[in-house]
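Enquirer: Fold the following, please.
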Amino acid sequence: MERLFIALLLLQIVLGAIDTIAHHELMEKLANRRSAALELKLHSARGFVYGFLFLVFAWIQPQGAWLAAVWALVSIEVGITLWDFVVEDATRLLPNTERVLHTILAVNGGAMFAVYALATRQDWSAPSALQTHSFGWMSWALTAAAIGIAISAMRDGLAARANAAEPEPRALLRDHPQQDFLISGGTGFIGTALVEGLLAGGHRVTVLSRDPRRAALRFGGRARCIADTAELRDDEAVDVVINLAGAPVVGPRWSPARKRALLASRIGTTDALRAWCERSRRKPALWLQASAVGLYGAHARSAPELRDPQPVRGDFPSELCVAWERAAAKVSAQGVRVVTMRLGLVLHRSGGLLPMLSLSAALGAAARLGDGRQWFAWVHLDDVLRFVEQAVEHVGIRGPYNLVAPGGCTQAQFTQALAHSLHRPAFLRVPAAPLRLALGEMATMLLDGPVVAPQRLLDQRFSFLHPGLDSALRSGNAGLDIDPRSFHTGEGHPKDQHGTVATH
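Expert: Alright, predicted model coming up:
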């Protein structure tokens, strides 16, 4: 009977690990969410209770009053779990897979403790004592699980403390007259920061999302969330459209079907937004379009900010970005000012690739990829938000901008700086050949990169909050005020890439 209990407990551990890794870490990224501070505290407390119980079940047979103490801990764990269910439902919309897995965990947990109650029913009447026992490899497996869950609990606790200490989102455009924003991709990494900042600034925001219920829950019902542009009226009052929507490029291999899906996720949303704009009786004043420096091609050594670049044939990121920009550019025929953000890798602890890279570096696994000399164009999220504010406020800002920091670096330099910021070594090397074999064409994003500079931003004297990598990596989430004098546009119009005034 006791071995059956241990077997059910090991199954519970495996299912719990799958839930934590798949849902909490990969899908929901709870450690990087300010709104998840309470949920992380509960996970941390439950993890320490679990870890202690695992060691007890592995090596000790409690009797009498000691058995009552064990059941008291089990009751605390059940109470924390029920509280966690309430908090989860109040703060986020759980994926169906997570709900199913929680049900399985609950059923298995009930069976597990029922078996434990039957196995220990004779121990209640015994004198209070702690007898040692061993289930061989099962006991050692439980010990390993106890150590693992204790480490996870510590991480959740530290993340909860960091998230709870994180300031409220900095109000964007707080001194600007109230405006209406329509944002596609508003639940993504950049989109979430924009929506929260605009709401804090007192603006009205409509979020176009594939899952409006999830979006509404994320923003506490403060943003209007829609699933389709058909829900937008012809006389809809929208001042600014910010188009960020697109499936993540990093993921499964770029098969022909995957490439079509990535293209459709961007062009489809852009075409739908443009179609609404064409039928709208009140045109938006500004269309902010997302793009990426991958547009220039993986091997570009100079990347001028051309308004109508040609795709690099055979380079999928380039073809994808050019097609996306061209689909959005057509809206200018409606008299809408179009500003394109050609983004580098956006850095911030709340999302993107930095949390994953930081975790790897913290574990001592920061690695140089290939020869490490490939260019690494990056920009801090604070500077992206800063640019959005300037684009809204200054009508002379139009056309494409390389939204990258002037302190670009190689991949090896970035890895070294990241490891140094975490007081870890960076001595690992990953050869290029295995990466290309494992990732196929997608490996070019890791092993190659265009050399780009924010030329138009520098010409216009844009003041970066984080011009250097050390500053960007040291930065937390502290809100920073914008000085409207930090962006100069001459006589109200920006200069183009050749230094001439673009009047349009």
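Enquirer: now the strands for the stretch 351-500 of the chain?
Expert: Listed in chain order, the strands of the stretch 351-500 of the chain (DSSP state E, counting those that start in this stretch) span 367-369, 375-376, 378-380, 399-403, 409-410, 428-430.
Enquirer: now these as CSV including mean neighbour count and mean pLDDT?
Expert: C-betas here are computed from N, CA, C, even on glycine. Formatted as CSV, the strands of the stretch 351-500 of the chain follow (neighbours: other CB atoms under 10 Å; pLDDT from 0 to 100):
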stretch, mean neighbour count, mean pLDDT
strand 367-369, 18, 93
strand 375-376, 21, 92
strand 378-380, 25, 95
strand 399-403, 24, 95
strand 409-410, 17, 92
strand 428-430, 14, 92
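Enquirer: quick one, which of these is nearest to residue 132?
Expert: Closest of those to residue 132 is strand 428-430, at 41.8 Å (criterion: CB to CB).
Enquirer: Can you give the distance from the closest one to the centre of its chain?
Expert: The chain centroid and the centroid of strand 428-430 are separated by 25 Å under CA atoms, centre = their mean, to the nearest Å.
Enquirer: Low-confidence regions, this structure specifically.
Expert: Scanning the chain for pLDDT under 70 picks out 303, 476-504.
Enquirer: what residue is smack in the middle of it?
Expert: residue 351 (3.0 Å; CA atoms, centre = their mean).
Enquirer: list the contacts for the nearest residue to residue 155 once chain neighbours are set aside?
Expert: Counting by CB to CB, 6 or more residues apart in numbering, the nearest residue to residue 155 once its immediate chain neighbours are dropped is residue 31, at 7.1 Å. Contact analysis of residue 31 by CB atoms under 8 Å, 6 or more residues apart in numbering lists 24-25, 40, 155-156, 159, 163, 355.
Enquirer: List just the nearest of those residues to residue 98.
Expert: The nearest one, if we look at the contacts of residue 31 relative to residue 98 and count by CB to CB, is residue 24, at 8.7 Å.
Enquirer: ranges for the helices of the stretch 1-150 of the chain?
Expert: For the stretch 1-150 of the chain, the helices defined by DSSP state H, counting those that start in this stretch cover 2-19, 37-59, 65-91, 96-119, 137-165.
Enquirer: Now find how far off-centre the last one is within its chain.
Expert: Pointing back at helix 137-165 there. Put simply, helix 137-165 sits 22 Å off its chain's centre (CA atoms, centre = their mean).
Enquirer: swap in stretch 317-330?
Expert: Once both centres are worked out by CA atoms, centre = their mean, stretch 317-330 turns out to sit 24 Å from its chain's centre.
Enquirer: And that stretch, what's buried?
Expert: For stretch 317-330, a neighbour-count test (16 or more other CB atoms under 10 Å) marks 317-325, 327-329 as buried.
Enquirer: one step back: the residue nearest to the centre of the chain: what's it in contact with?
Expert: 29, 32, 188-189, 192 are the contacts of residue 351 under CB under 8 Å, 6+ apart.
Enquirer: could you redo the last one with a cut-off of 6 Å?
Expert: Residues near residue 351 by CB atoms under 6 Å, 6 or more residues apart in numbering: 32, 189.
Enquirer: What of residue 448?
Expert: Contacts of residue 448 by CB under 6 Å, 6+ apart are 298-299, 374.
Enquirer: Quick one, which of the residues you listed are buried?
Expert: Buried among the contacts of residue 448 (16+ other CB under 10 Å): 298, 374.
Enquirer: can you tell me which of the contacts of residue 448 lies nearest to residue 13?
Expert: Residue 13 has its nearest neighbour among the contacts of residue 448 in residue 374, at 40.5 Å by CB to CB.
Enquirer: The closest one contacts residue 409, correct?
Expert: No. Using CB atoms under 6 Å, residue 374 is not in contact with residue 409; the gap is 10.4 Å.
Enquirer: picking that back up, can you redo the contacts of residue 31 as a markdown table with distance to residue 255 and neighbour count?
Expert: Below are the contacts of residue 31 laid out as a markdown table (distance: CB to CB, whole Å; neighbours: other CB atoms under 10 Å):
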| residue | distance to residue 255 | neighbour count |
| --- | --- | --- |
| 24 | 29 | 19 |
| 25 | 26 | 18 |
| 40 | 36 | 25 |
| 155 | 35 | 18 |
| 156 | 36 | 25 |
| 159 | 35 | 22 |
| 163 | 37 | 23 |
| 355 | 27 | 18 |
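Enquirer: biggest separation within those residues, which pair?
Expert: 25 and 163 (14.7 Å).
Enquirer: so how many other residues sit close to residue 3?
Expert: 12 (other CB atoms under 10 Å).
Enquirer: Leaving out chain neighbours, which residue sits closest to it?
Expert: Spatial nearest neighbour of residue 3, excluding adjacent residues (CB to CB, 6+ apart): residue 135 at 6.3 Å.
Enquirer: before we move on, what about residue 325?
Expert: Per CB to CB, 6+ apart, closest to residue 325 is residue 291, 5.3 Å.
Enquirer: Could you say which helix or strand holds the one you found?
Expert: strand 286-292 (DSSP states H and E).
Enquirer: distance between that strand and the chain's centre?
Expert: Using CA atoms, centre = their mean, the offset of strand 286-292 from its chain centre is 19 Å.
Enquirer: Check what contacts the helix or strand that that strand is followed by and list those residues.
Expert: Using DSSP H and E, the helix or strand that follows strand 286-292 in sequence is helix 316-329. For helix 316-329, contacts defined as CB under 6 Å, 6+ apart pick out 254, 266-267, 270, 289, 291-292, 294-295, 297, 311-312, 340.
Enquirer: quick one: buried residues of stretch 121-138?
Expert: In stretch 121-138, counting by 16+ other CB under 10 Å, buried: 123, 135, 138.
Enquirer: so the last one touches residue 6, yeah?
Expert: Same thing as residue 138. Yes. At 4.7 Å, residue 138 counts as touching residue 6 under the criterion of CB under 6 Å.
Enquirer: Thanks a lot, catch you later.
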